[in-house]
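J.: Sequence plus the predicted model coming up.
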Amino acid sequence: MATAARSTFQAQPRILWGRLTLHLVLIVGAFIMLLPFLWMVSTSLKTQTDVMRQYPPRLIPETFMISNFSTALTSLPFDRFYLNSLIVASSVTILQLFVSSLAAFAFARVRFKGRTLLFYLYLTGLMIPFPVLLVPNFIIVRQLGWFNTYWALIVPTSFGVVSTFLLRQYYRGLPMDYDEAARMDGASSLRIWWNIILPNSKPALAALAIFIFLGSWNDFLWPLVVTNSEAMRTLPVGLSTFQGQYLVRWELLMAATVVALVPVLIIYFFAQNWIIRGLSVGSGLTG
Amino acid sequence: MEKAALSSPPPPTLMTPPLRSFRQKIAFRLGMGVWRADQQFEGYLFLLPSLIGFLLFVLAPILISLALSFHEWDLLTPPEYVGAANYTELFTNDPVFGAVLKNTFWYTLLIVPLQLVLGFVLAVALNTGLRALRWYRMLYFMPVIASIVAAAMVFRFLFNQQSGIIAAGVWQTKELLLGLPFVQASPQLLDSVQGLAPPDFLNAPGQGFLPGWAIISVTLFTVWKNVGFTMVVYMAALQAVPDPLYDAAKVDGASGWQRLRYVTIPLVSPTTFFLLVVQMLGAFQLFAEPFVMVASSQNSVALASESLVMYIYRNAFGFLRMGKAAAISWILFAIVFVVTIVQTLLQRRWVHYQVD
Amino acid sequence: MQKKFFLLCMVLVALMAFGTAAVAQDDVTLLWGMWGDPAEIATHQLVADAYMAANPNVTIELWSQPWGEYFTKIDTLFVAGDATVIPDVFFMTPIQDRAAAGVLQDLTALIEESGLDLEDYWPGALESTSYEGVVYGFPRDIGIEVLYYNKDHFDAASLDYPTDEWTWVELRAAAEALTVKEASGRISRYGFAMEGGKYFDFVGANGGLILDDMFNPTQCTLSQPEAVEAFEFFAGMMNDEIAWRSANLGQAGGDLSVFLGEQASMFIQNASRVPALNAAGVNYDVAAVPTAPGGTRQAGIANGAAWVMSSVTDTPDAAWDFMQFLQSPEGGQAIYFATGEAFPPTRSGAESPVFMNPERGPENKQAWIVGAESANINGFGWFPEYNELNGTLINPVLDTIWAGEAQAADVLPGVCESVDAYLVEHGYGA
């Protein structure tokens, strides 16, 4: 799509200084970005006494307590939180991709009465900020008997109006050739969707999948509201309610958060390009 | 609506495809055209799961929330109709709502420009064809994907007035200064250095309408968390600026700064607009950042840092006043709506859309 | 031969008939409801097992729910009305609403019948589990507080340890002596730490009250001189930098964390900190919460979640027997108080070898008993709107006092004005 743009600063000898300062500033900035993570890791490796008494606080721990990690995972129910987050995030991702690609396809490709009206309805739904939906969704979930279950965590968040919207835009951009040909052959819409549209929208779906997964993994407010027992909490909620205990063992808590961060970082390292590309597409820059 | 691409075959007029299903036969007989009946049914079928979810978890809640805001409900006893009492209470009889609005206002005013400007500057800096681009981009984007709860807890740890490292830094600097001979020599300087102490970063409210340290700490955390996002979006936008424009500007003798101001910024203004809207929405709806960082108890309002969504949460789940919580959420909607409209209207003035 | 065999069979059958009849008459199944996380449920199971071992004809089935779900589920069961699935004995707090709704068993008759000595309970303990003068339940434990102190710090400063006769004067003096301030002005160790929310320990000791009646308030009493004095004492320690500021304390991890980190030498809290302190091997002990200069003491609030009986149980006597077991030093209390992390609601429980176990720290467990002698439940509002009243009108202003941004004498009258207005609005005013 876009070719690498020529930079606004051209590399000339006298601007080598400029280059240097640029790097310096960027490195300082990157260090500021990283500092909290470094602190997290550093605290997770300290002994309890070091965490609480060390003054001035040092970044490098004196003794490396690798055992903190195993202690954290066994003494606190983080494995449960992890599992819940995994189940919820995966289910939400798969469901949302499925449901919104079907819906987006219907909006983009299938002519049916009332399509425009429904689409505008969806758009208005998009405009309503989540806090407005928070309390009534809680009430509905309670009435359905889903409170503190996986249902409550997964189902309400699986209806991605945003995903539907984005995918519709994407599908509109796909050429109609294959569609038309397939219809001529009598293929049903389902076949068209499954055999043509889906394979052709892999990049969009992949990027979307990553965002949905990350969003669900890091979601805090909704799981906070809708779960009330340790067994059902997801990672963010579990972490935050745990620090409400009267003894906050920071080193264990930090060890647990480091472990919580790892899969996210792994996904990120491998999927960097997808994520970035997805952001560019999704932010509607092409429009 | 969509036009078929030019290379697609013309639709058949004389030939009809083999009739396959009963539905199709009926539709054909009725002259509706073979495909349209199928599509009608399939259209709704495809839409059904999404529609059910939309009706149940978006549309119904909107209506419920609206109705609820005119009632008083504590989940245990039946709801009681109170008319507009919740709304009037918020504006005339709520000791805390003013502080909540003030905090939310400052969050938005401070966070959005900082995120935009810093993100833009970083994007421009990284757009200079550095080889280490990938590394920088990764490092700056890491906070975005990190769990907000984990990050907020770390920041709380860092910002603690008594035991945090920023406070420790202030103390160390003070000790350093006190040890300097020229400080000890001057009584005035000595006095002012003696008076140095780390402020209460997490809890200090501001005087009157001014923002306090609590707001600033939450702002710093939020900006740290989100600037990578802005940066990445701007980077993509910068890539899309066509070279010929820069070359033309250079030919006209424009300096680097001038090129930035007259070419880059106008051309990424659609992105700026998009980010402005999205980030304002985000800032108005701040919850996890102040909630986890300040960690006040569920039933006690932290005046210095309470945001609108926090207050909704507290009213609903701490004080069991569902109706009032709904009312607050509609006030949030109204604010957001007005701000978005204003922004959309104003965009004509400063957003340049490229003419293709 | 056949005759003998036949006789043998008859005897066996007769024995079985009598045996089963005897067993069938006394065989009881009790449904026992509570909330809690898996570790807590395991403890309850131990108690049930102990009871079943002593009473083989009784089967106790546990019915446990996570805290957030518990209350709605119990209510639903009562609404459905099927007595076979409603717990006979269960945990409840607060009990007033449900007692009013008639789902709890009035225990007066059973108390009289069994001759239970209600005086065994600490003063105030049964107030929170009564409604309109009738006892509906018994608290499993109550939150009486003590003053924890680090003996090493006292030794290093050559100070005498706190005694159960301490007043605020001694508390303040010790806090001053134990606070370590560096040259830069940074405090590396505060003498005293206490959550701001426990301010009633000082207000109550000084004869003050938050509201004139914590069940049916008509007026706010925080601006009265006794209360203001207490605030000035507590906030004064924070402002003079000898006590942790409340918000910082919470954000630094709480009283236990800073105590273990040697950033505080004394703190006031209930028994829940004991196991952690014992496990960490800290050289500590406890003393009774200091009294106000006038001599009265407020050592926390004497309430706790209570065991209640369902009003529709078909085995009230069996349920009563089990409830007694739960509250007896040899029965449930032997298990619940084995780790020292809770304080028994009864004198007999507190003085029993289980709680007073000399092999388990701290040494001066008597401090709890001293505190319990003057127990009451005045630190909490026992009416539905209390949370909102406290959270929007009282606490935010108190936070400014703890932060040193406002003086108690200046802002408390304003608090009382708004509280009084709120009470009038909600139908409580005079």
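T.: Ah, there it is.
J.: Which residue comes closest to C:Leu277 once chain neighbours are left out?
T.: Ranked by C-beta to C-beta, 6 or more residues apart in numbering or on different chains and with sequence neighbours excluded, the top spatial neighbour of C:Leu277 is C:Tyr284, at 5.7 Å. C-beta: built from backbone N, CA, C; applies to glycine.
J.: likewise C:Glu61?
T.: C:Leu31 (5.4 Å).
J.: try B:Pro143
T.: B:Lys225 (4.9 Å).
J.: What strand or helix carries that neighbour?
T.: helix B:213-239 (DSSP states H and E).
J.: Could you list the domains of chain B?
T.: Residue ranges for the domains of chain B, per automatic domain parsing: B:22-64, B:92-161+B:199-350.
J.: which of those sits most buried?
T.: Highest mean neighbour count of these: domain B:92-161+B:199-350, a mean of 20 (counted as mean count of other C-beta atoms under 10 Å in any protein chain shown).
J.: immediately after whatever helix or strand the residue nearest to C:Glu61 lives in, which helix or strand?
T.: Under the criterion of DSSP H and E, C:Leu31 resides in strand C:28-35. Per DSSP H and E, the first helix or strand lying C-terminal to strand C:28-35 is helix C:38-54.
J.: And the next helix or strand past that next one?
T.: strand C:58-65.
J.: Next, the buried residues of the helix or strand just after that next one.
T.: Where DSSP H and E defines the elements, the next helix or strand beyond strand C:58-65 is helix C:67-80. The neighbour-count check on helix C:67-80 (16 or more other C-beta atoms under 10 Å in any protein chain shown) flags C:68, C:70-71, C:74, C:77-78 as buried.
J.: returning to that earlier point: so the residue nearest to B:Pro143 touches B:Val144, yeah?
T.: Yes - with contacts counted by C-beta atoms under 8 Å, B:Lys225 reaches B:Val144, the gap being 6.7 Å.
J.: how far does stretch C:359-372 stretch from start to finish?
T.: End-to-end span of stretch C:359-372 (C-alpha to C-alpha, to the nearest Å): 22 Å.
J.: Pull the contacting residues for C:Met52.
T.: C:58-60 (C-beta atoms under 8 Å, 6 or more residues apart in numbering or on different chains).
J.: what's the distance between it and C:Pro316?
T.: Look at C:Met52 and C:Pro316: by C-beta to C-beta, to the nearest Å, they are 19 Å apart.
J.: Do you know the pLDDT at the residue in the stretch 1-150 of chain B that chain C sits nearest to?
T.: Relative to chain C, the nearest point of the stretch 1-150 of chain B is B:Val96 (5.0 Å; C-beta to the nearest C-beta). pLDDT, B:Val96: 89.
J.: quick one, what contacts it?
T.: Contacts of B:Val96 by C-beta under 8 Å, 6+ apart are B:301, B:303, B:306, B:311, C:392, C:396.
J.: can I get those residues in CSV with pLDDT?
T.: Shown next, in CSV, are the contacts of B:Val96 (pLDDT from 0 to 100):
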residue, pLDDT
B:Val301, 84
B:Leu303, 87
B:Glu306, 92
B:Tyr311, 93
C:Thr392, 87
C:Pro396, 89
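J.: which one of those residues sits closest to B:Trp73?
T.: Set against B:Trp73, the nearest of the contacts of B:Val96 by C-beta to C-beta is B:Tyr311 (17.1 Å).
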